[in-house]
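Model the structure of this input:
(one chain, ligands or ions: 1)
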Amino acid sequence: MNIASKNKKLSVKQLYGLLEQEIENAKANKTFKYEVPIEGKQGGVVQVANKPHVMLASNNYLGLANHPRIVQAAKDGLEKYGFGMASVRFLCGTQNIHLALERKIAEFLGVEDAILHSSCFAANDAFFTAIFSSDLGVKEYRDVIYSDQLNHASIIDGIRLARIANKTTDFHAYKHSDLADLERLLQANQQADYRTSVIVTDGVFSMEGEYATIDKFVALAKKYDALLVVDDSHATGVLGKTGRGTPEHCGVHGQVDVITGTLGKALGGAAGGFIAGKKPLIDFMRQKSRPYTFSNTLPPPIAAAALEAICILEEDPSLVEKLHSNTSYFRQAALDIGFKILDGIHPIVPVMLGEASTAQDMSQQLLDEDVYVRGLWYPVVPKGEARLRVQISAGHEKKDLDKALQSFEKVGKKLGVLA
Ligand SMILES: Cc1ncc(COP(=O)(O)O)c(C=O)c1O
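This next block holds a predicted model:
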């Protein structure tokens, strides 16, 4: 459809036409995101097109999404607390189970308090907007945010919102995981009269499966008196000997100022997010977070099941151990077969393929071989760095991983990825 450049007003019909065209373009450019439905529960093996498939695309790191104790906790929560609260937290949406979950999250992460949100996306939006748009009695203040170039979309959006709410907030995107670049920026601003400096990083970067060296961030934040915020969505329940995330893995458990995270990945995989940190900050968020104030409370069965997920982790580290041993097994075997993977220890294992078309063909052919894995390509990752993002789970048995590896080898050879 050709819209004359002079008159940019669209009829509603034209708008729909243009939207359709966008979709067609995405399909033609092979950037359209297709959904492959699962006929049943999430797990190490799932049912697709009436056949079992090894699931290598889920954030169900601990295999808790359908663990019997989690399912029972959700049922008990439903019985005891009901389905929904039909309210935001501060009106009549706070139950004992919400408070118990907040206490448990804080205790697990070694901080003073935590506040639930409907998602980590909402928590990240909430945090930045609340902090930077409140004057806290300081006149004509200016703040500064230092954010990793590859931080998650929710951090980027949170910062965008915060800078709309307060146009004086300065922003620097430091080079990915480059502490020298971050320190150069911190140093350059030492004489600037900022009220608050905030450093924010993903704990684990989800396209690379690479973790941030949080011990070094803690040291830098202390040196320059900055508030350190870590989004540990892909690390809580995953990294560290007991699953307490990147701070535990890096030997600084309890030393990060603010941790944001999700209940939608390792911790049961349903939904929900949180901000955890010092009590005054969490108390302040309860008053000022807009998604907390103006959006519904977490459904009680989800709160009950997430609480149970953390109890399971506290009682028994064997799921985390199984996740770690499954991960090293798959990583080593993929290397032995001859695949190029990004080095690391995280259950996100990027299998590097180069061209987008190779990643697309390989994920489709693996699906035909009963292996469910998704490809990533430009613009999600840089051009020429298309990959399959394998995600390992404690819900996998060795035979599932062996089956996946055999299929990877077969399809890799067929497509000329392997010699
Ligand atoms: C680093 C990071 N932060 C936040 C989120 C959003 O979490 P939620 O699904 O709870 O909104 C994700 C999920 O993709 C993530 O990877």
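
Put the alpha carbons of the helix or strand containing Leu405 into CSV.
Secondary structure from DSSP states H and E places Leu405 in helix 398-414. The C-alpha coordinates for helix 398-414 follow below in CSV (Å, rounded to 0.1, in the frame of the first residue of the first chain):
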residue,chain,number,x,y,z
LYS,A,398,20.9,-38.1,30.6
LYS,A,399,19.0,-40.1,27.9
ASP,A,400,17.1,-36.9,26.9
LEU,A,401,20.4,-35.0,26.5
ASP,A,402,21.9,-37.9,24.6
LYS,A,403,18.9,-38.0,22.2
ALA,A,404,19.2,-34.3,21.7
LEU,A,405,23.0,-34.5,21.0
GLN,A,406,22.5,-37.3,18.5
SER,A,407,20.0,-35.2,16.7
PHE,A,408,22.2,-32.2,16.8
GLU,A,409,25.0,-34.2,15.2
LYS,A,410,22.8,-35.7,12.5
VAL,A,411,21.3,-32.4,11.5
GLY,A,412,24.6,-30.5,11.9
LYS,A,413,26.2,-32.9,9.4
LYS,A,414,23.3,-32.7,7.0
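
and it, what does it pack onto?
strand 51-55, helix 318-337, helix 356-368, strand 371-372 (3 or more C-beta pairs under 8 Å, 6 or more residues apart in numbering; DSSP states H and E). Every residue, glycine included, has its C-beta placed from N, CA and C.

what angle sits between it and helix 318-337?
30 degrees (axes from the mean of the first three to the mean of the last three C-alpha atoms, to 10 degrees).

Check which residues of helix 398-414 are buried.
400-401, 403-405, 407-409, 411-412 (16 or more other C-beta atoms under 10 Å).

Next: stretch 231-243.
231-240, 242-243.

And stretch 306-319, by the same measure?
In stretch 306-319, counting by 16+ other C-beta under 10 Å, buried: 306-310, 312-313, 319.

which residues sit against that stretch?
Here stretch 306-319 makes contact (C-beta atoms under 8 Å, 6 or more residues apart in numbering) with 62-64, 67, 69-70, 72-73, 97, 100-101, 104-105, 108, 237, 241-243, 263, 266-268, 270, 272, 320, 394.

Show me those residues that map onto helices.
Per DSSP state H, helices hold the following members of these: 69-70, 72-73, 97, 100-101, 104-105, 108, 320.

Can I have the buried ones of those residues as a ChimeraX selection?
In ChimeraX, a selection of the buried entries from the ones in helices among the contacts of stretch 306-319 looks like this (16+ other C-beta under 10 Å):
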select :70,73,97,101,104,105,108,320
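
Name all residues that make contact with the residue nearest to the spatial centre of the chain.
Residue closest to the average C-alpha location in the chain (C-alpha atoms, centre = their mean): Ser233, at 4.2 Å. Contacts for Ser233 (C-beta under 8 Å, 6+ apart) come out as 120, 152, 202-204, 206, 260-262, 265, 273.

How about Phe121?
So Phe121 contacts 153-154, 157, 273 (C-beta under 8 Å, 6+ apart).

so which of those are also by the ligand?
154, 273 (C-beta under 6 Å from any ligand atom).

Give me the buried subset of the contacts of Phe121.
154, 273.

Return the subset of the contacts of Phe121 lying in strands.
Within the contacts of Phe121, residues falling in strands by DSSP state E are Gly273.

who's in contact with Ser154?
120-121, 123-125, 231.

rerun that using 7 Å as the cut-off
Under the criterion of C-beta atoms under 7 Å, 6 or more residues apart in numbering, the contact list for Ser154 reads 120-121, 124-125.

For it, give me the pLDDT.
With respect to pLDDT, Ser154 scores 97.

Roughly how far does it sit from Gly261?
Ser154 is 11 Å from Gly261, where distance means C-beta to C-beta, to the nearest Å.

Common neighbours of these two, please.
Cys120.

Please identify the buried residues of stretch 53-73?
Applying 16+ other C-beta under 10 Å to stretch 53-73 flags 53-65, 67, 70-71, 73 as buried.

now do stretch 146-165
Under 16+ other C-beta under 10 Å, the buried positions of stretch 146-165 are 146-148, 150-152, 154-156, 158-159, 161-163.

Pick out whichever of those sits closest to the ligand.
Of all the buried residues of stretch 146-165, the ligand sits closest to His152, with 3.6 Å by C-beta to the nearest ligand atom.

could the contacts of Ser233 go into CSV alongside distance to Asp181?
Conversion of these to CSV gives the following (distance: C-beta to C-beta, whole Å):
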residue, distance to Asp181
Cys120, 26
His152, 19
Asp202, 16
Gly203, 19
Val204, 20
Ser206, 21
Thr260, 23
Gly261, 26
Thr262, 28
Lys265, 29
Gly273, 29
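
ok, now which ones touch Met352?
Taking C-beta under 7 Å, 6+ apart as the test, what Met352 contacts is 340-342, 385, 387.

Enumerate the residues of the stretch 201-350 of the chain near the ligand.
202, 206, 231, 233-234, 262, 264, 273.

how does it look with 5 Å?
202, 206, 231, 233, 262, 264, 273 (C-beta under 5 Å from any ligand atom).

Could you list which of the residues you listed belong to strands?
202, 231, 262, 273.

so how far is Ser147 from the closest residue to the third one other than its chain neighbours?
The one in question is Thr262. Once flanking residues are discounted, Thr262 sits nearest to Cys120: 3.9 Å by C-beta to C-beta, 6 or more residues apart in numbering. To Ser147, Cys120 is 16 Å away according to C-beta to C-beta.
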